[in-house]
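**Student:** How does the following fold in three dimensions:
(chains A and B)
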Amino acid sequence: MEKEITYEEIKEDISNLKQQKTSQLSLVWRRFKENKLAVFGIVIVALMIGIAIFAPIISPHDPYETDPINKLQKPSKSHPLGTDALGRDVLSRLFYGARIALSIGILIILFEGFIGIILGILAGFLGGWIDKIVMWLVDVLRSFPVIVLAMAIAGILGQGIYNVVIALGIVGWTTYARMVRSKILSIKEADYVEAGYAIGESTFDVILRYVIPNAIPTAIIMVCIMMPTALIASATLSFLGLGVQPPMASWGSMISAGRDYLLQAPWISTSAGIFIMITVLGFNFIGDGLRDALDPTTNRK
Amino acid sequence: MAAIMDINNLKVSFSTEEGELKALNGVNISIKEGTFHGLIGETGCGKSVTGRSIMALLDNNAMIKEGEILYKGENLLNKTEKEMQDNYRGNELAMIFQDPGSSLNPVFTIENQLQESVKMYRNTSKSKYRDIIIEELKKVKLPDVENLLEKYPHQLSGGMKQRVMIAMMLACNPNFLIADEATTALDVSIQAQFLKVLNDLKEKLQMTVLYITHDLAVISEICDYVSVMYAGNIVEELTVDELFKNPVHPYTDKLVHSLLGPETQIEDLVEIPGSVPRLIDPPPGCRFHPRCEEAKEICKKERPKLKKIAENHSVACHRR
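**Tutor:** The predicted structure is shown next:
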């Protein structure tokens, strides 16, 4: 009886090929949904993105408007998270800070991911001297403490959002390159790649149909796992005064600015710290959930 | 029947850290069109290397030293990679690999796997792909095919995957199929199903198959001719009937008598002393002589050539 029902369902599917394409995605989504923490992560990240987009609407005050008379005020009705040393509303600055944090994070990920994934694929698939050079570069770059190297580069390039992206990108691509390369190496040796050659696929088709699709889950998961690192690193640079320029609202520089008033007005640093923590946590949860959901060979109960 | 493939004096070496490994030392095989040709021998004797040489899918450290692989009169060894890929792999030659589990692309559904073969080798419109795929899957006797199309390889059993693999290769419409240890990874009942499928296809499709295995029982079921391989040499080429009735080479003889049957007593089993020689420094002369009870002086010095001793029966042994 049960079999007949499935058969009917399948028949319906056959008549509608487009429907099946979405069913693959929905399979991933179904697995993802089962992971409560991952869904929680999505909620957090969606909330942050919403805050970033609608910052001008939802902010109670202008984040740049100084008000020396009301400086270092305690959280109150008009200033839910108090004010900072210049009397600016902390909550509004946090909302605007989300814009900076997320856009820097995404830019870093795109920049370092692009370099790292392409170099990783080239090194892994072609091997030989390209592999040697890329891996040598990776080893050299990774022998420095990440943040020190990024500080040095940011120091040379000067302050500014794009320089933060470049500094952290130059340091960060190595992780991608390494992961992607090792993934490609194992895929390259897989029997299904050989089977692909055996049915007469060209090398280009093999890369396109066999190597890259099998490496994509790794890349996606990596992006989600690297996002928190990028957020923290950019906040660190801002904290150290090498990142986003002072009047701009960034979480890192807010922690730094609130440091001097930690006892009088702990809400400045703490609230910015909590925002960073929550966002990072959200991305981490998503990364974990995606790792489980994207792997087609994960055993399901 | 004319020979569709003639492998003459094929020598293949691998460069390894320990030196040159002479995997194939002058292999001669003649495969007649429309037959199932078995290639049998111990592990490491060069069976798979032979198969891969035909497909030009050898690893990078392999060197083809000498010889020719004539397929329909054309020497495949003279073809460029591009020609092999455009004109031979897939459209003329196909290969089934040993491990069905890892030979299917894990990120594609069964339908997607087969679609590529169909797209490349069947000149039909996109709307017909699915029909052809279903037809190919039915050819290998897979149950509930419609349901199967949307499944991923890891959702299938080993036997089903192996059949999908065959269907994928058959969808290319090859004339010549190489099955490399295609049943080794399967359990016995699935092996039986697989052999039935192959036997069925043999009658229907008139395909030529080179069946690589170390399982004599499988050979006896489906093959017409057999080449026996030892340490990179073909030692005997004969029909399957002859193989069991009248094996001439001492190695073939031992091999046949090491076969387990339901009646066999442990004491009756013949053991071949020693093991396959290291191919980096193989013994001179006949490579089997250190393990051969009947070895003579000449066996230690001179390599025996494959001689025809009867219709469809050649052997490489000084003693005969």
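**Student:** As a check, name the ranges of all helices in chain A.
**Tutor:** With DSSP state H as the criterion, chain A has helices at A:2-15, A:17-34, A:36-53, A:55-58, A:90-126, A:128-142, A:146-157, A:161-188, A:191-198, A:203-206, A:212-239, A:251-258, A:267-294.
**Student:** mean confidence score for the last one?
**Tutor:** Computed over helix A:267-294, the mean pLDDT rounds to 89.
**Student:** What is it packed up against?
**Tutor:** The contact analysis (3 or more CB pairs under 8 Å, 6 or more residues apart in numbering or on different chains; DSSP states H and E) places helix A:267-294 against helix A:17-34, helix A:36-53, helix A:90-126, helix A:212-239, helix A:251-258. Any C-beta I mention is one placed from the backbone N, CA and C, and that applies to glycine too.
**Student:** Buried deepest among these, which one?
**Tutor:** Each of the helices and strands packed on helix A:267-294 was scored by mean neighbour count; the highest is helix A:251-258, a mean of 24, by mean count of other CB atoms under 10 Å in any protein chain shown.
**Student:** which stretches of the stretch 1-150 of chain A have low pLDDT?
**Tutor:** Within the stretch 1-150 of chain A, the segments meeting pLDDT under 70 span A:1-24.
**Student:** do that again at 80, thanks
**Tutor:** Across the stretch 1-150 of chain A, the ranges flagged by pLDDT under 80 are A:1-28, A:66-68, A:70-74, A:77, A:82, A:85, A:87.
**Student:** So what's the residue count around residue B:297?
**Tutor:** When neighbours are counted by other CB atoms under 10 Å in any protein chain shown, residue B:297 registers 10.
**Student:** Could you pull up the contacting residues of the closest residue in space to residue A:83 that isn't next to it in sequence?
**Tutor:** Spatial nearest neighbour of residue A:83, excluding adjacent residues (CB to CB, 6 or more residues apart in numbering or on different chains): residue A:73 at 4.5 Å. Contacts for residue A:73 (CB atoms under 8 Å, 6 or more residues apart in numbering or on different chains) come out as A:79, A:82, A:83, A:87.
**Student:** Kindly report the same for residue B:156.
**Tutor:** Contacts of residue B:156 (CB under 8 Å, 6+ apart): B:110, B:148, B:164.
**Student:** farthest pair in the contacts of residue A:73?
**Tutor:** A:82 and A:87 (10.1 Å; CB to CB).
**Student:** out of the contacts of residue B:156, which are inside helices?
**Tutor:** Assigned to helices by DSSP H, the following of the contacts of residue B:156 qualify: B:110, B:148, B:164.
**Student:** any bit of stretch B:134-151 sitting next to chain A?
**Tutor:** Yes - using CB under 8 Å from any CB of the partner chain, stretch B:134-151 comes into contact with chain A via B:146, B:147, B:150.
**Student:** Now do the SS call for the closest residue to chain A within the stretch 201-320 of chain B.
**Tutor:** Closest residue of the stretch 201-320 of chain B to chain A, CB to the nearest CB: residue B:210 (13.3 Å). Residue B:210 falls in the strand class when you classify it by DSSP: H, G, I helix; E, B strand; the rest coil.
**Student:** That one and residue B:175 touch, don't they?
**Tutor:** No - Residue B:210 is beyond contact range of residue B:175, at 11.8 Å (criterion: CB atoms under 8 Å).
**Student:** if we can go back for a sec, and the residues of stretch B:134-151 next to chain A, which are buried?
**Tutor:** Neighbour counting by 16 or more other CB atoms under 10 Å in any protein chain shown classes B:147, B:150 among those as buried.
**Student:** could the residues of stretch B:134-151 next to chain A be laid out in a markdown table, adding pLDDT?
**Tutor:** Output for the residues of stretch B:134-151 next to chain A, formatted as a markdown table (pLDDT from 0 to 100):
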| residue | pLDDT |
| --- | --- |
| B:146 | 83 |
| B:147 | 83 |
| B:150 | 84 |
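**Student:** Just say helix, strand or coil for residue B:295.
**Tutor:** Taken by three-state DSSP, the conformation at residue B:295 corresponds to coil.
**Student:** surely it meets residue B:286?
**Tutor:** Yes - the pair residue B:295 / residue B:286 is scored as a contact, 7.4 Å apart, by CB under 8 Å.
**Student:** Contacts only, for the residue lying closest to residue A:59 once chain neighbours are set aside.
**Tutor:** Among residues not flanking residue A:59 along the chain, residue A:92 sits closest, at 3.8 Å (CB to CB, 6+ apart). Applying CB under 8 Å, 6+ apart, we find residue A:92 in contact with A:55, A:59, A:60, A:61, A:62, A:63, A:249.
**Student:** CSV please, covering the residues you listed and showing neighbour count and distance to residue A:147.
**Tutor:** Formatted as CSV, those follow (neighbours: other CB atoms under 10 Å in any protein chain shown; distance: CB to CB, whole Å):
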residue, neighbour count, distance to residue A:147
A:55, 19, 28
A:59, 18, 31
A:60, 14, 34
A:61, 18, 33
A:62, 14, 33
A:63, 21, 27
A:249, 25, 22
